[in-house]
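Chemist: Got a sequence here, can you build the structure:
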Amino acid sequence: MFKEREEFPIGGAGAAALSLGDAVAFQAPAPNKFRERVNGLPLFELAVDLGEDIGSLAWWRGLATMLLLAAGAIALRPGFEPFYGAQPDMLTGDAFQESRAYMIMPLAYGADTGRHMAATDAVVPLKASPERPQIDITATLGRGDSFERVLKRAGVGGDDAAKVEAMVGQAMTTSDIEPGTRIDMILGRRSSRTQPRPLQSLAFRARFDLNLSVERVDGALRLKRDPIKVDDTPLRVRGSVGGSLYRSARAAGAPADAVQKFLQVIGGQMAIGAIRSSDEFDLVVDYRRAETGEVEVGDLRYAGLSRDGKDKVQMLRWTSGGSTQWFEASGVGKTRGEMLRPVNGSVTSGFGRRFHPVLGYARMHSGVDLRAHYGDPIYAAADGTVTYSGRHGGHGNYVKLQHSGGIATGYAHMSRIAARSGQSVRRGQIIGYVGSTGLSTGPHLHYELYRGGRAVNPLSVKYIERAQLSGQDLVNFKAQLRSFKAVKPGAALGQFTTARSEARPLREIDRLEHKGAA
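Modeler: The predicted model follows:
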């Protein structure tokens, strides 16, 4: 266990003796019995360098020593469990009630504080709790809701609600009131608890240009109209295209939606990439300002682009014959694009000669079959008139539409027809539902397209509809175009002063400025 080392003489009792004379004599150390016993044991080393003599007996002995020491350290590691101190006993019974009187408890746990005392003879119970003399209520008209139902839900009696709706109906159609309109009401004191509270007053914004109110005067309800002055001057924005037409128009004050629509309209007449930075844009938007401060921004009405001082593109949004579209300055309208797909399914059988799965021989397939589920709606591919509606041989339930430009479409194998002969239909209108009537092996839509009475492939046809204004319609169109171009850019954003706005009280800083100016 011990390493052998050289012996050195040490000072101490019996280690050496120094004579009193000039000569110095040394005495040999006394024999150590313990050292003699240790020297007789075999010597070995526990602290071995494990980087040397790997695999030797001394190395394995050092490894075992290291593992034993590590195991001992792990076994004697301290714990991290909490030490709990002495906990006071929970209060119960009278002690808990006594402490509860001084607590502030959350609402969920009772929320009672202070001492509770029983009522004495001085406390007289009420026969009935007093009612508030009036109640202020604000109701909101929901989408698809009626004016009378809103009043009844707010607590207005049936008779008063019916009278108010009749009076409001004299000023305007109640169905024209916009969803989300707020209705402020005051309900008065009722004669008994079994009766509804009487309506004292009611007020709401009926239209952008009209406030309506109902008040009870001498026991009778009376309607009061409060017209609001509105400035209908359209907003005209002009400017140079510069680096970006969109950013330039937005910086000039044009609404974002109007600029996006402007790009779509101009893009239908010329390539957007062909617009030069020196070109000038010109757009007109419906714009309304009320004297109370509200603003309504409408749709884009005019889109123009000029180059070198000359009008290159002039497009005006106009309604003619019940259809609204964009017309050129000459009165010519144009609608481009593919015909609407009647159903959203993929093509399962194309146009041309094929083997008929029911008849068992090859013949001409004069349309395309579109995948669809039973009962799916079928939409009209374009505006047109129903020329046939009913049973049609192998087509089963069949509808045929005649469109402009000598184009007609057919829809076969319907389960149910939703259009009658002679009816005018709009693009996207439902004309029937998918089925499997006639010579059909399963629910799908057989869709046909005819040009000049001859069947063509429906997937390869594009067409252009043109509308030409004439007569008084063209005169009105030209007049509207001139009025828009006569509007001064930014005129709609000018000062709008009315008697209502002048009646508003001045701020203290405004009064000081007026005194200083005087």
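
Chemist: which parts of the biggest helix by length in the chain are buried?
Modeler: For the chain, the longest helix by residue count, based on DSSP state H, is helix 57-75. Buried residues in helix 57-75, defined by neighbour count with 16 or more other C-beta atoms under 10 Å: 59, 62. All C-beta atoms are positioned from the backbone trio N, CA, C, and that covers glycine.

Chemist: do the same with stretch 251-267
Modeler: By neighbour count, with 16+ other C-beta under 10 Å as the criterion, the buried positions of stretch 251-267 are 252, 254, 255, 258, 259, 261, 262, 263, 265, 266.

Chemist: Sort out for me which of those are in helices.
Modeler: 258, 259, 261, 262, 263, 265, 266.

Chemist: Now render the residues you listed as TSV, adding distance to residue 192.
Modeler: Below are these laid out as TSV (distance: C-beta to C-beta, whole Å):
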residue	distance to residue 192
258	58
259	62
261	60
262	64
263	66
265	65
266	69
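
Chemist: got these as a markdown table, with pLDDT and distance to residue 293 columns?
Modeler: A markdown table is the format used below for these (pLDDT from 0 to 100; distance: C-beta to C-beta, whole Å):
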| residue | pLDDT | distance to residue 293 |
| --- | --- | --- |
| 258 | 91 | 22 |
| 259 | 92 | 25 |
| 261 | 91 | 26 |
| 262 | 92 | 27 |
| 263 | 90 | 31 |
| 265 | 88 | 31 |
| 266 | 88 | 33 |
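
Chemist: What residues does residue 97 make contact with?
Modeler: The contact partners of residue 97, taken as C-beta atoms under 8 Å, 6 or more residues apart in numbering, number zero.

Chemist: Direction included, what does the helix or strand where residue 388 lies pair up with?
Modeler: Following DSSP states H and E, one finds residue 388 within strand 384-391. With DSSP bridges as the test, strand 384-391 is paired with strand 397-402 (antiparallel), strand 424-425 (antiparallel).

Chemist: Now the element after the longest one, going C-ward?
Modeler: Beyond strand 397-402 on the C-terminal side, the first helix or strand identified by DSSP H and E is strand 407-417.

Chemist: what lines up beside that following strand in the sheet?
Modeler: As assigned by DSSP bridges, strand 407-417 forms pairs with strand 397-402 (antiparallel), strand 430-434 (antiparallel), strand 444-451 (antiparallel).

Chemist: Which parts of the stretch 201-350 of the chain are strands?
Modeler: 210-217, 220-227, 230-231, 235-240, 280-290, 295-307, 310-320, 323-328, 332-335, 347-349 (DSSP state E, counting those that start in this stretch).

Chemist: okay, those in CSV with mean pLDDT and mean neighbour count next?
Modeler: Shown next, in CSV, are the strands of the stretch 201-350 of the chain (pLDDT from 0 to 100; neighbours: other C-beta atoms under 10 Å):
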stretch, mean pLDDT, mean neighbour count
strand 210-217, 91, 16
strand 220-227, 91, 13
strand 230-231, 88, 16
strand 235-240, 92, 20
strand 280-290, 92, 22
strand 295-307, 91, 18
strand 310-320, 88, 17
strand 323-328, 82, 15
strand 332-335, 61, 16
strand 347-349, 83, 14
